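J.: here is a sequence together with a model predicted from it:
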Amino acid sequence: MASRHLSIARLLSCAACVSGLILTGCGSASAGRRGAAGTRADFVAEAGRVCAATAKIGGSIRQPRDEAQLVVFFQSARSVARSEVAKLSALHPPSGKAGAYARYLAGLEEGVRLLERAAAAARRGEKAQVRAIVAEGNSLTQRNIANARSAGLQGCAKEG
């Protein structure tokens, strides 16, 4: 029985980590929305505000305390991630950063899909599948961080 609890505890810990990792985006800027960015500095600042707001909201998602709470946890994280993607998609990067920004957005969209898969696997009680998705999310996070940096978004290039 002790090994089962350890496994569940590890799974819950990983679930909390993966949502934070997939929702990559932190920053110290205050949240706020001013529309599409016109200059490179405006673009970076607005993206930073979106990432900061996402990190704050994502950090407030109630952490799962048992397996039954995993589905709600992943669904909440998915909702926050979808909102982030929608807000960031409305921004217009400078032409020299458009390709890198498109790759960054594609990675965030992939994160949304991973959270959907994690919620479905948790709903079915497939702990091994949830663990596999967590591992996939960890790898995706590293790519998203690199893509955010390539797009010039240092404020979005942080874990959690």
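T.: Yep, it's here.

J.: hey, let's count contacts and neighbours off CA atoms from now on
T.: Fine.

J.: can you spell out which helices and strands pack onto the helix or strand harbouring residue 101?
T.: Assigned by DSSP states H and E, residue 101 belongs to helix 98-123. Under the contact definition 3 or more C-alpha pairs under 8 Å, 6 or more residues apart in numbering; DSSP states H and E, helix 98-123 sits against helix 2-22, helix 70-89, helix 127-150.

J.: after the lowest-mean-pLDDT helix or strand in the chain, next one along is what?
T.: The weakest-scoring helix or strand in the chain, judged by mean pLDDT, DSSP states H and E, is helix 2-22 (a mean of 51). Sequence-wise, the next helix or strand downstream of helix 2-22 (DSSP H and E) is helix 40-59.

J.: between that following helix and helix 70-89, how big is the angle?
T.: Interaxial angle of helix 40-59 relative to helix 70-89 (axes from the mean of the first three to the mean of the last three C-alpha atoms, to 10 degrees): 170 degrees.

J.: show me what helix 40-59 is packed up against.
T.: Using 3+ C-alpha pairs under 8 Å, 6+ apart, helix 40-59 sits against helix 70-89.

J.: average pLDDT for the helix it packs on?
T.: Across helix 70-89, pLDDT averages out at 94.

J.: show me where pLDDT drops low in this protein?
T.: For the chain, residues meeting the criterion pLDDT under 70 lie at 1-38, 160.

J.: how near is residue 99 to residue 60?
T.: Taking C-alpha to C-alpha, to the nearest Å as the measure, residue 99 falls 32 Å from residue 60.

J.: between those two, point out the one with more neighbours.
T.: With neighbours defined as other C-alpha atoms under 10 Å, residue 99 and residue 60 compare such that residue 99 has more, 15 against 10.

J.: and residue 64, helix, strand or coil?
T.: coil (DSSP: H, G, I helix; E, B strand; the rest coil).
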